[in-house]
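Novice: fold the following, please.
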Amino acid sequence: MSYLEWLFQKIRNFAKKEQKKVAKNTSITLEEKKPKNSTRDSFYQKLRESGLFDKLRQSQVDGINFILDGWDKSGLQDKRWLAYMLATTYHETARTMLPIKEYGKGKGRPYGRKIKMNRTPYTKPDKLYYGRGYVQLTWYENYDKMGKYVGADLLNLPELALEPEIAFKIMLEGMVRGTFTGKSLGKYFNEEKNDPYRARRIINGMDKATKIKEYHLKFLDCLS
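Specialist: Numbers count the residues shown, from 1 in each chain. Sure thing, here's the model as predicted:
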C-alpha cells in the first residue's frame with residue numbers, strides 16, 4: 001500500500017466514525033470512483049456561468065481537476081465538504097486553483113521571520129515558513145506537524161507544500177481531520193448543521209468568512 005493510499009484509508013476511517021449519523025451523505029467505500037464525463041462537463045458548464053471566473057484558463061481547469069480527482073479517490077461523498085475545500089482553495093490561491101507561494105513571502109508578518117510561534121528564534125533549518133499550498137500553510141511548528149502527518153519533510157523542504165499531491169494531502173488532512181485548528185468539516189457540515197460561515201474556523205478564525213461562504217455556495221451549486 002502506497003503512502004497516499006494509506007492516508008486516504010486513514011481519512012476514510014476518521015470520516016466514517018465522525019459521521020455515523022450522516023451515513024447517507026458520507027458513506028465511504030474503498031472503491032475508487034470516477035465521475036462520469038457528463039457530470040464533470042455539467043460542473044464546468046455551471047462554473048463558467050457562476051461568475052467565479054471571468055474566463056477559465058487551462059491552468060485553473062487542471063488545478064480544479066486535480067482536486068476533484070483527489071476527492072473521488074478519497075471516497076468522501078458530502079458535496080458540501082468538497083465545495084468548501086474548493087472555495088478555500090479559490091480564496092487562498094488568489095483564484096489560480098494551484099498551490100502557490102504567499103504573495104510577499106510573509107513580509108511584515110511574524111512568520112516571515114525566523115521565529116517560532118512563541119517568538120523563540122531559530123537558525124536551522126535556514127528556511128522561512130510563509131504561506132504555501134492550497135491553504136497557505138504557515139509557521140515553523142505547522143510545517144513540522146503537518147509534515148509528520150502527510151509523510152513529507154516539510155520542515156527542511158517547505159517547498160514540497162507546493163507540489164499538488166502533497167498540497168492536496170495537507171488540505172485533506174487539515175480540513176477533514178481538523179489538524180489545522182482543531183475544527184473539521186464534519187463539525188460544520190453534518191445532518192444537523194450546515195454552516196459555511198463559521199466553517200472558516202477550520203482555516204483562519206473568521207477572516208473573510210462571508211466571502212468564502214459566498215464562494216462555497218457557488219461551488220456547491222456547480223456540484224449539484
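Novice: could you use CA atoms for every contact and neighbour count after this?
Specialist: Noted.
Novice: ok, now which ones touch residue 60?
Specialist: Taking Cα atoms under 8 Å, 6 or more residues apart in numbering, we find residue 60 in contact with 95-98.
Novice: can you rerun that using 7 Å?
Specialist: Applying Cα atoms under 7 Å, 6 or more residues apart in numbering to residue 60 gives the contacts 96-97.
Novice: what strand or helix carries it?
Specialist: Per DSSP states H and E, residue 60 falls inside helix 58-74.
Novice: could you point out which element follows that helix?
Specialist: helix 79-92.
Novice: give the rounded mean pLDDT of the helix or strand that that following helix is followed by.
Specialist: Note on helix 79-92: by DSSP H and E, the next helix or strand toward the C-terminus is strand 100-101. Mean pLDDT, strand 100-101: 98.
Novice: tell me the gap between strand 100-101 and the middle of its chain.
Specialist: 14 Å (Cα atoms, centre = their mean, to the nearest Å).
Novice: which residues of the protein fall in strands?
Specialist: Assigned by DSSP state E, the chain shows strands spanning 100-101, 132-133.
Novice: could you give the mean pLDDT of stretch 193-202?
Specialist: Mean predicted confidence for stretch 193-202 is 97.
Novice: residues touching the most centrally placed residue in the chain, list them.
Specialist: When the chain is reduced to its mean C-alpha position, the closest residue under Cα atoms, centre = their mean turns out to be residue 171, at 3.1 Å. If you count contacts by Cα under 7 Å, 6+ apart, residue 171 has them with 134-135.
Novice: let me know the pLDDT of it.
Specialist: Looking at residue 171, its pLDDT reads 97.
Novice: thought residue 102 was touching residue 131?
Specialist: Yes. In this structure residue 102 lies within contact range of residue 131 using Cα atoms under 7 Å: 4.8 Å.
Novice: which of the two has more neighbours?
Specialist: residue 131 (26 against 19; other Cα atoms under 10 Å).
Novice: gap between the two ends of stretch 171-189?
Specialist: 17 Å (Cα to Cα, to the nearest Å).
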